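Undergrad: coords below, sequence missing:
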Ligand SMILES: CC(=O)N[C@H]1[C@@H](OP(=O)(O)OP(=O)(O)OC[C@H]2O[C@@H](n3ccc(=O)[nH]c3=O)[C@H](O)[C@@H]2O)O[C@H](CO)[C@@H](O)[C@@H]1O
């Protein structure tokens, strides 16, 4: 008889793509189900895999006072009841959570049903969802070594980032062909996080003439952020979000400008693409991306450009500096040790004691 597993996680792609990586490697002994939010990005990303998807209510977890908090408490409670009834029917051997606020009701429900729970934390410091969930988790896995200290030592394992296998299997020629670019000028890919990055988009577009003088640009700008007025520049191509073509585009990429989302930067590390990280600032986040960026910069994998300092000049200066030292960053990344987090997680799941 097959075993059943329920994955959860969502809100942005960073809480979904690691689940996709694991799901793709699981064998036929498992019946796989997913619980996510009713409208989040996880719904579209998971439904493409033909996996049964259950949408539940969930509330945004805020660290500040807001009248919406009260309503969200009720949404989370509703989500708990919905998740509990789904889990009761499915009777999974394991719930695997990649965090994001939708995961909290699922974990609370799993705990009341005594279902084992594994969670994975991608960022250097834990997100609120995983902070709440950690006490209910059977095992906790982290991408960064440094994150171990935020969780109980006896059940926490620093294993790295589970990266989708296809990400590292792209072909540069295919990528250039798809983009209509050549190998005469370097390709600069700008990826502002899975939901886009308004300020980065603005500065990139203001700097377009300078950028396209020396680079062929791929701008992944996020949903509803395309600029239809830029039509005549043959060295500029924009996408809202890239799915199947991403591996080939990354294989053709020489430098990347990115937000500090953990999954993205670990993917660039695995591909040895020199990166300029522009982390989301303190006024818009808990500062996790700043810490991710600092950790990468310290290891010589990247350059950091703080968003407060971001303007045309600082962007071009950082790019020139990165371009000059590209081989230094590439060598640092090549010689760094990254374990096979994906295989470790698949083994852990397969070995779950029923
Ligand atoms: C605004 C926000 O809250 N951001 C958080 C979110 O970022 P975000 O959702 O942007 O997550 P990451 O950068 O970690 O990962 C994005 C994932 O989406 C994929 N991708 C992205 C764009 C695209 O066009 N196609 C595509 O496939 C990337 O390859 C990667 O696998 O989760 C991260 C991991 O917890 C955190 O570090 C970020 O702080």
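TA: Yep, it's here. Quick caveat, the model's predicted, so the values are computed rather than measured.

Undergrad: Show me what the mean pLDDT comes to for the strand or helix carrying residue 173.
TA: Per DSSP states H and E: residue 173 is located in helix 172-179. Average pLDDT, helix 172-179: 98.

Undergrad: For that helix, name the packing helices and strands.
TA: If you count contacts as 3 or more CB pairs under 8 Å, 6 or more residues apart in numbering; DSSP states H and E, helix 172-179 packs onto strand 187-191, helix 246-252. Backbone N, C-alpha and C define where each C-beta goes, glycine included.

Undergrad: again, only this time at 10 Å
TA: Judged by 3 or more CB pairs under 10 Å, 6 or more residues apart in numbering; DSSP states H and E, the packing partners of helix 172-179 are strand 187-191, strand 216-220, strand 236-239, helix 246-252.

Undergrad: can you tell me if it touches the ligand.
TA: No: residues of helix 172-179 contacting the ligand under CB under 6 Å from any ligand atom: none, with a closest distance of 13.7 Å.

Undergrad: pLDDT weak spots in the stretch 1-150 of the chain?
TA: Along the stretch 1-150 of the chain, the model assigns pLDDT under 70 to residues 61-65.

Undergrad: what's next to stretch 339-346, contact-wise?
TA: Under the contact criterion CB atoms under 10 Å, 6 or more residues apart in numbering, stretch 339-346 has outside partners 18-19, 21-27, 96, 118, 120, 139, 141-143, 157-165, 266, 347.

Undergrad: Tell me which of those fall in helices.
TA: Counting by DSSP state H, the contacts of stretch 339-346 place 18-19, 21-25, 266, 347 in helices.

Undergrad: The ligand contacts on this protein?
TA: Counting by CB under 6 Å from any ligand atom, the chain comes close to the ligand at 12-15, 17, 122-123, 191, 193-195, 220, 241-242, 246, 259, 261-264, 267, 280, 288-289, 292.

Undergrad: let's see 5 Å
TA: 12-14, 17, 122-123, 193-194, 220, 241-242, 246, 261-264, 289 (CB under 5 Å from any ligand atom).

Undergrad: Can you say which of the residues you listed are buried?
TA: Among these, those scoring as buried are 12-14, 17, 122-123, 193-194, 220, 241-242, 246, 261-264, 289 (criterion: 16 or more other CB atoms under 10 Å).

Undergrad: Out of the helices and strands packed on helix 172-179, indicate the one that is most buried.
TA: strand 187-191 (a mean of 26; mean count of other CB atoms under 10 Å).

Undergrad: so who does residue 74 touch?
TA: Counted by CB under 10 Å, 6+ apart, residue 74 has contacts 57, 59.

Undergrad: Start at 128, not 1
TA: OK, 128 is where the count begins now, so the last one is residue 201.

Undergrad: Over to it: give its phi and psi.
TA: phi -70, psi -40 (degrees, to the nearest 10).

Undergrad: Okay, domains of the chain per the record?
TA: Using automatic domain parsing, the domains assigned to the chain come out as 130-287+466-477, 293-461.

Undergrad: quick revisit: make JSON lines from the ones in helices among the contacts of stretch 466-473 and add neighbour count to it.
TA: Output for the ones in helices among the contacts of stretch 466-473, formatted as JSON lines (neighbours: other CB atoms under 10 Å):
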{"residue": "145", "neighbour count": "29"}
{"residue": "146", "neighbour count": "27"}
{"residue": "148", "neighbour count": "22"}
{"residue": "149", "neighbour count": "23"}
{"residue": "150", "neighbour count": "19"}
{"residue": "151", "neighbour count": "13"}
{"residue": "152", "neighbour count": "16"}
{"residue": "393", "neighbour count": "24"}
{"residue": "474", "neighbour count": "11"}
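
Undergrad: Show me which pair in those residues is furthest apart.
TA: Pairwise distances across the ones in helices among the contacts of stretch 466-473 (CB to CB) peak at 19.3 Å, for the pair 393 and 474.

Undergrad: about what we covered before: a markdown table please, covering the helices and strands packed on helix 299-306 and showing mean pLDDT.
TA: Shown next, in a markdown table, are the helices and strands packed on helix 299-306 (pLDDT from 0 to 100):
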| stretch | mean pLDDT |
| --- | --- |
| strand 314-318 | 98 |
| strand 343-347 | 98 |
| strand 363-366 | 97 |
| helix 373-379 | 98 |
